[in-house]
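Chemist: Provide a 3D model corresponding to the input given below.
(one chain, ligands or ions: 2)
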Amino acid sequence: MTHTEIINEINRLKTEKNAVILAHNYQIPDIQDVADYVGDSLGLSIEASKTEADLIVFCGVHFMAETASIISPQKKVIIPDLNAGCSLAASITLEQLRAWKLKHPDSVVVSYVNTTAEIKAESDYCVTSSNAVKVVNSIPPDKKILFLPDRFLGHYVSAVTGREMQIWNGACHVHEKIGDINFDNARIEHPDAEFLIHPECGCSSSCMLKSQMYFDCKDIHIFSTEGMINYVRKSNKSEFVIATEIGILHRLKKVRPDARFFPLSENAVCEYMKMITIDKLYYALLNEQYEVKVPEKIASKARLPIERMLAVV
Ligand code: 13P
Ligand code: SF4
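Modeler: Residues are numbered from 1 along each chain as shown. Ligands and ions are numbered 1, 2, ... in the order given. From the prediction side, this is the model:
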């Protein structure tokens, strides 16, 4: 089949099976263009919770499909490649979390959505990068917090909310490496640009310090992927340096075709997100593969922290 024929078949199967295609902002352009909804982790979870489709095809990584399965247990959730994992979600195991909780018995556990269903089931709150600050602010001030697994997001949330937290030492391998880039050189190269930084980035803490300390750094902003899209849509600037996975550039260019976008690191590529291809999406729809179903024993415990996350938009 030609590329156009495959796209036509995907659209035909989607209607035939009453399916919805949800795609993360880091997906390849072809997937973003055929999807019904493209967004960040929070937006995708909200879409999964309210869709009337019978079949959810999740073009993202495994924990995102798990989250959809937990909040929509009556729907069939599939992912085109089961190997699409996440290094950040893999940076804490259930045993490690249980041991950590035992050391801090009077704390509440706040988990980033980039975690396995088992970890969510042991958590009190879930957050995404777009609502982590608001969720932490909603927790009574006398409660001690264990924040996991991303240390960069954790330090960012702690600085913005002023809350002291125990923070797990995890990181995403893609965003951690963005911290090695000489940020000041990029500012010299792009003097008129605004800098949009994902809070998972290794450079987020130093960038945040800069933006707070120096008057000339007020053009540095820390956002979730959808926060970047919304900011760029409204901004009257025409040059942006983007510090996150480069898949988002496709969407940014669609939103602001007149603007110029420069990735802080060309190498910021998540190989897990890129495992989802048009061919795999076609076979996923055709054969309804590969199903992601979280066992009800785990899902029933994970639902409350996820509902708390969905309630804070
Ligand atoms: P967002 O929720 O900002 O899209 O982030 C998800 C993610 O995996 C970032 O690496
Ligand atoms: Fe996970 Fe990092 Fe890939 Fe996001 S970019 S899915 S955090 S490995």
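Chemist: C-alpha from now on. contacts and neighbour counts both.
Modeler: OK.
Chemist: need the contact list for the closest residue to residue 68 other than its chain neighbours.
Modeler: Distance criterion Cα to Cα, 6 or more residues apart in numbering; nearest residue to residue 68, sequence neighbours excluded, is residue 48 at 5.5 Å. Taking Cα atoms under 8 Å, 6 or more residues apart in numbering as the criterion, residue 48 is in contact with 22, 56, 68, 71-72.
Chemist: go on, residue 50?
Modeler: By Cα under 8 Å, 6+ apart, the contact set of residue 50 is empty.
Chemist: sorry, back to before: which of the contacts of residue 48 fall within helices?
Modeler: Cross-referencing the contacts of residue 48 against helices under DSSP state H gives 68, 71.
Chemist: mind putting the contacts of residue 48 in a markdown table, neighbour count included?
Modeler: Listed next are those as a markdown table, based on neighbours: other Cα atoms under 10 Å:
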| residue | neighbour count |
| --- | --- |
| 22 | 25 |
| 56 | 28 |
| 68 | 27 |
| 71 | 21 |
| 72 | 18 |
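Chemist: closest one to ligand 1 out of the contacts of residue 48, please.
Modeler: Nearest to ligand 1 among these: residue 22, at 12.5 Å, using Cα to the nearest ligand atom.
Chemist: tell me the pLDDT at that closest one?
Modeler: pLDDT for residue 22: 98.
Chemist: residue 160 too?
Modeler: Looking at residue 160, its pLDDT reads 88.
Chemist: now do residue 313
Modeler: Per-residue pLDDT puts residue 313 at 83.
Chemist: so whichever residue of the stretch 1-150 of the chain sits closest to ligand 2: helix, strand or coil?
Modeler: Nearest residue of the stretch 1-150 of the chain to ligand 2, counting by Cα to the nearest ligand atom: residue 86, 3.7 Å away. Following DSSP: H, G, I helix; E, B strand; the rest coil, the label given to residue 86 is coil.
Chemist: hmm, stretch 59-67 touching ligand 1?
Modeler: No. Counting by Cα under 6 Å from any ligand atom, ligand 1 has no neighbours in stretch 59-67; the shortest distance is 8.1 Å.
Chemist: where does pLDDT dip in the stretch 201-313 of the chain?
Modeler: Across the stretch 201-313 of the chain, the ranges flagged by pLDDT under 70 are 205-218.
Chemist: so which bits of it are right by ligand 1?
Modeler: By Cα under 6 Å from any ligand atom, the residues of the stretch 201-313 of the chain that approach ligand 1 are 224-225.
Chemist: residues of the stretch 1-150 of the chain that sit close to ligand 2?
Modeler: By Cα under 6 Å from any ligand atom, the residues of the stretch 1-150 of the chain that approach ligand 2 are 61, 86-88.
Chemist: show me what the lengthiest helix in the chain is packed against.
Modeler: In the chain, assigned by DSSP H, the helix with the most residues is helix 296-311. Under the contact criterion of 3 or more Cα pairs under 8 Å, 6 or more residues apart in numbering; DSSP states H and E, helix 296-311 touches helix 41-50, helix 62-71, helix 117-121, strand 125-127.
Chemist: closest one to residue 300 out of the residues of the stretch 1-150 of the chain next to ligand 2, please.
Modeler: In terms of Cα to Cα, no member of those lies closer to residue 300 than residue 61, at 21.4 Å.
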